[in-house]
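Structure, please.
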Amino acid sequence: MFGPKYFIENDSFSIQYMYRKGFSTMSTPHFHPFYEIYYLLQGERTYFINGNIFTARRGDMILVNPYDVHRTTSTDVQEFERILVNFSETFAPIEGSPGGSPFLPFVQGSRLLRFSIKDQTIIEQMMRDMLAECEQQQEGYVDYVKSVMRQLLIKIYRESTSSRQEPLQYAHPMHQKISEIATYLNGHFHENVTLEQIAKQFYISTSYLSRVFKKVTGFHFREYLQLIRVKDAQRLLRETNEKVLIIAEKTGFEHVAHFNTTFKKVTGMTPLRYRKQNKQPGSSL
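Numbers count the residues shown, from 1 in each chain. Take a look at the predicted model:
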């Protein structure tokens, strides 16, 4: 059951409720230029983010910073209920900090955040309050939602920087191995990396790695490698004036034609068009 997706201020904020039973997976692993908060009301979900694999349970929150690659899929518990919030950094700035919040980006990176039972009740009420305000749209509801978002960001920041957070635990031994491999790829994508090389380096057969990598991450090995290369190319196009040929070489593409084709396949536009639409003021070589 998908609830309506509510938007505020030209898509600078959105919120949606969903309940689902049975196996489900995000069809296309992706990344986007806004923040994401995924709060699990019931059930379990596996989340793959930037090479890390998290198993979220009731009361857990998944935080996703802009441009971080992520995907969610079912665990053995094939039923879940969640509220999803997407927002821009300027939607609910904290007073005294024009142009954004001092609590963004999420200080510990994209991750799973686990609250105490007491705090789970508070967080869930915040999420439901924002959803109810967007449903009813009474006078002042936008300011109400912004106020709750400010409180929520402060709560997230305090919890993220506390010493109570548990170390990451993997639900399956292979999750740790795939996480190690994905993390390695994130640091070496600019090199000539191959499936065969990685399988040998991590002591896994090529066929098994290919199969398990797809099952856990949602990507074929080469698809993931291309996506993180394109993601970094987008960063360079936004933040620098370097030529497309140089960016292609820096991100691991041997031929600029292949870079252009892959970039357009992933983003829906050419590198030059992407730069024109997303160039950051004041960026330089």
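
Can I take it that A56 is in a helix?
No - using DSSP: H, G, I helix; E, B strand; the rest coil, the assignment for A56 is strand, not a helix.

isn't it right up against E44?
Yes - with contact defined as Cβ atoms under 8 Å, A56 reaches E44; the gap is 6.6 Å. Placement of C-beta: from N, CA and C, glycine included.

of the two, who's got more company?
Between A56 and E44, counting by other Cβ atoms under 10 Å, A56 is the more crowded of the two (23 against 18).

so what's the more buried one bridging to?
R45 (DSSP bridges).

separation between it and P105?
From A56 over to P105 the distance is 20 Å, taken as Cβ to Cβ, to the nearest Å.

does E254 belong to a helix or a strand, and which?
Counting by DSSP states H and E, no helix or strand carries E254.

From F253, how far out is the spatially closest residue to it that is not a sequence neighbour?
Closest residue to E254 apart from its sequence neighbours, by Cβ to Cβ, 6 or more residues apart in numbering: N192 at 7.9 Å. To F253, N192 is 11 Å away according to Cβ to Cβ.

Can you list the neighbours in contact with the helix or strand of the chain with the lowest mean pLDDT?
Least confident helix or strand of the chain, by mean pLDDT, DSSP states H and E, is strand 70-73 with a mean of 84. For strand 70-73, contacts defined as Cβ atoms under 8 Å, 6 or more residues apart in numbering pick out 24-26, 29-31, 36, 38, 45-50, 62, 64, 110, 217-219.

List buried residues within those residues.
Neighbour counting by 16 or more other Cβ atoms under 10 Å classes 29, 31, 36, 38, 45-50, 62, 64, 110, 217-219 among these as buried.

now, which of the residues you listed lie within helices?
If you go by DSSP state H, the buried ones among the contacts of strand 70-73 have T217 in helices.

Give me the lowest-pLDDT entry from the buried ones among the contacts of strand 70-73.
The lowest pLDDT within the buried ones among the contacts of strand 70-73 belongs to P29, with 64.

didn't D68 look like it was pressed against F48?
No - at 10.5 Å, D68 does not count as touching F48 under the criterion of Cβ under 8 Å.

which of the residues in stretch 8-27 are buried?
Using 16+ other Cβ under 10 Å as the test for burial, stretch 8-27 gives I8, F13, S14, I15, Q16, Y17, R20.

any chance of these in JSON lines, with distance to I94 too?
Shown next, in JSON lines, are these (distance: Cβ to Cβ, whole Å):
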{"residue": "I8", "distance to I94": "18"}
{"residue": "F13", "distance to I94": "15"}
{"residue": "S14", "distance to I94": "20"}
{"residue": "I15", "distance to I94": "20"}
{"residue": "Q16", "distance to I94": "25"}
{"residue": "Y17", "distance to I94": "26"}
{"residue": "R20", "distance to I94": "34"}
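
Nearest to E139 among those?
I8 (14.4 Å; Cβ to Cβ).

measure the closest one to L153 for me?
From I8 across to L153, the span is 16 Å (Cβ to Cβ).

could you pull out the helices for this structure?
With DSSP H as the criterion, the chain has helices spanning 117-136, 141-160, 173-188, 195-201, 206-217, 221-239, 244-250, 256-267, 271-278.

most packed of those?
helix 221-239 (a mean of 20; mean count of other Cβ atoms under 10 Å).

In this structure, where is pLDDT below threshold?
26-29, 95-101, 163-172, 280-285 (pLDDT under 70).

residue closest to the middle of it?
Against the mean C-alpha coordinate of the chain, by Cα atoms, centre = their mean, the closest residue is V64 at 3.9 Å.

who are the neighbours in contact with that residue?
So V64 contacts Y35, E36, I37, Y38, I49, H70, S110 (Cβ under 8 Å, 6+ apart).

Repeat the analysis, applying 6 Å as the threshold.
E36, H70, S110 (Cβ atoms under 6 Å, 6 or more residues apart in numbering).

Give the bridge partners for the first one, please.
Think E36. Assigned bridge partners for E36, using DSSP bridges, are V64, N86.

roughly how far apart are it and V107?
When E36 is compared with V107 (using Cβ to Cβ), they lie 16 Å apart.

The second one too?
When Cβ to Cβ is the yardstick, H70 and V107 sit 18 Å from each other.

Comparing these two, which residue is more hemmed in?
When neighbours are counted by other Cβ under 10 Å, H70 and V107 differ, and H70 comes out ahead with 22 against 14.
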